[in-house]
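**Q** Quick one: sequence and predicted model below, then my questions.
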Amino acid sequence: MRKNTREIRIGDVAIGGSSPIAIQSMTNTKTEDAAATVEQILKLEQAGCEIIRCAVPTMEAAEALSEIKKRIHIPLVADIHFDYRLAIAAVEHGADKIRINPGNIGSEDRIRAVVDCCRERQVPIRVGVNSGSLEKHLIEKYGGVTAEGLVESALDKVAIIERMGYDNLVISIKSSDAVMCIRAHELIAERTDYPLHVGITESGTVYSGSVKSAVGIGAILYQGIGDTIRVSLTGDPVQEVYAAKLILKTLGLRKGGITVVSCPTCGRTRIDLISLASQVEEMVKDFDLDIKVAVMGCAVNGPGEAREADIGIAGGVGEGLLIKKGEIVKKMPEDELLPALREELLHWEA
């Protein structure tokens, strides 16, 4: 059961309330290079990204948002650090939301200038707090960087903006420590109804970062906490989107798209199952079918193991089986398994 949060609109995407959990990513191009940034965003859209964030470190980057916005189809969030003028410029050039930490924007006058600009255009503000930049007095108060300190810091920043009469807000509290992040979200969910952006920051490479994010984000979402997620990986941001979709599907929070299951291999395996499973996983990204595909390495146990899948393939010695609902449909040479599976998916009827 999801926690009840208020609904916030980011462009034409709603988060919070009864809205589905939205998948975000962030470009790693130079935002000043509008063409390269658009090219990457379009690939992310195709992968299933629903909200995109771009770094805005310069005025040129802020100005480039106008051109980028014309050529993409999902809401754009501007990520700002330190310079309040960049936040204002980003909003003026079409940002659908801005991400700031009021603690590093400067004086209240500067924060107010940003808030006034956002209020005028009804642009939401994501208030972001990171364990790596927790204030010294909170570190001293709690004896180190803690979940309690992160929550207090975030709510302090929210209060600053609320005192300025603006509550079109999203909260983000992130840490590279998954357990701390889980605890922080448990605490803040009890104290606010603002929608929460969930992620494990600096989580690592595609492999280690996906595992850490699955544990952290998964544990938070399982408790009904969270309204939008980003899997932060050191690599191609498209992989962030694939990982996020799989986390949501695994938790039953999203339907659609093919789920691939495959056996772990053993001494009975007589085909290159590792390569075959990887090829199947890559191939099914082209299909928008809500079915399960099994890839099994043993023609003896494969049909039984694949019984719960809609369709599957199982290998033998130089050959393999095409299986539907646990029943063997056809035997064929090993090199024909992948094309045969693809052909079945192209003509799939539920």
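**A** Ah, there it is.

**Q** Please count neighbours and contacts with C-alpha atoms only from this point.
**A** Noted.

**Q** which one is Ala14 nearest to, not counting chain neighbours?
**A** Ile8 (5.7 Å; C-alpha to C-alpha, 6 or more residues apart in numbering).

**Q** Look up how far Glu108 lies from the one you found.
**A** Distance of Ile8 to Glu108, computed by C-alpha to C-alpha, to the nearest Å: 24 Å.

**Q** More neighbours: these two, which one.
**A** The residue with more neighbours, out of Ile8 and Glu108, is Ile8; 22 against 14, by other C-alpha atoms under 10 Å.

**Q** Neighbouring strands of whichever strand or helix holds Ala294 in the sheet, and parallel or not?
**A** Per DSSP states H and E, Ala294 falls inside strand 292-296. Here strand 292-296 has these sheet partners by DSSP bridges: strand 259-262 (parallel), strand 311-315 (parallel).

**Q** Rounded mean pLDDT for that strand, please.
**A** Mean pLDDT, strand 292-296: 86.

**Q** residues making contact with that strand?
**A** 258-263, 273, 276-277, 280, 302, 305-306, 309-315 (C-alpha atoms under 8 Å, 6 or more residues apart in numbering).

**Q** go on, stretch 236-243?
**A** Here stretch 236-243 has contacts from 23-28, 43-44, 47-49, 206, 210, 214, 230-233, using C-alpha under 8 Å, 6+ apart.

**Q** Swap in 10 Å and give it another go.
**A** 23-28, 40-41, 43-50, 205-207, 209-211, 213-214, 229-234, 245-247, 249, 285 (C-alpha atoms under 10 Å, 6 or more residues apart in numbering).

**Q** is it true that Ala36 touches Thr29?
**A** Yes. Using C-alpha atoms under 10 Å, Ala36 is in contact with Thr29, at 6.6 Å.

**Q** give me the number of residues near the residue nearest to Ser66 when sequence neighbours are not counted?
**A** The shortest distance from Ser66 to any non-neighbouring residue, by C-alpha to C-alpha, 6+ apart, is to His93 (5.0 Å). Around His93 there are 17 other residues, counting by other C-alpha under 10 Å.

**Q** Would you mind confirming that His93 makes contact with Val77?
**A** No. Counting by C-alpha under 10 Å, His93 does not reach Val77; the two are 11.4 Å apart.

**Q** Pull up the overlap in contacts between these two.
**A** Common neighbours of His93 and Val77, counting by C-alpha under 10 Å, 6+ apart, are Leu65.

**Q** Tell me the confidence at Ser262?
**A** Reported pLDDT for Ser262: 81.

**Q** try Glu305
**A** pLDDT, read off for Glu305, is 64.

**Q** do the same with the one 4 residues further on
**A** pLDDT for Ala309: 83.

**Q** Name all residues that make contact with it.
**A** Going by C-alpha under 10 Å, 6+ apart, the list of residues near Ala309 reads 259-261, 291-295, 303, 323-326.

**Q** Can you redo those as CSV, where the extra columns are distance to Ile220 and neighbour count?
**A** Shown next, in CSV, are these (distance: C-alpha to C-alpha, whole Å; neighbours: other C-alpha atoms under 10 Å):
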residue, distance to Ile220, neighbour count
Thr259, 22, 18
Val260, 24, 19
Val261, 24, 17
Ile291, 26, 17
Lys292, 26, 16
Val293, 28, 25
Ala294, 29, 26
Val295, 31, 28
Pro303, 36, 25
Ile323, 37, 26
Lys324, 36, 20
Lys325, 34, 15
Gly326, 35, 18
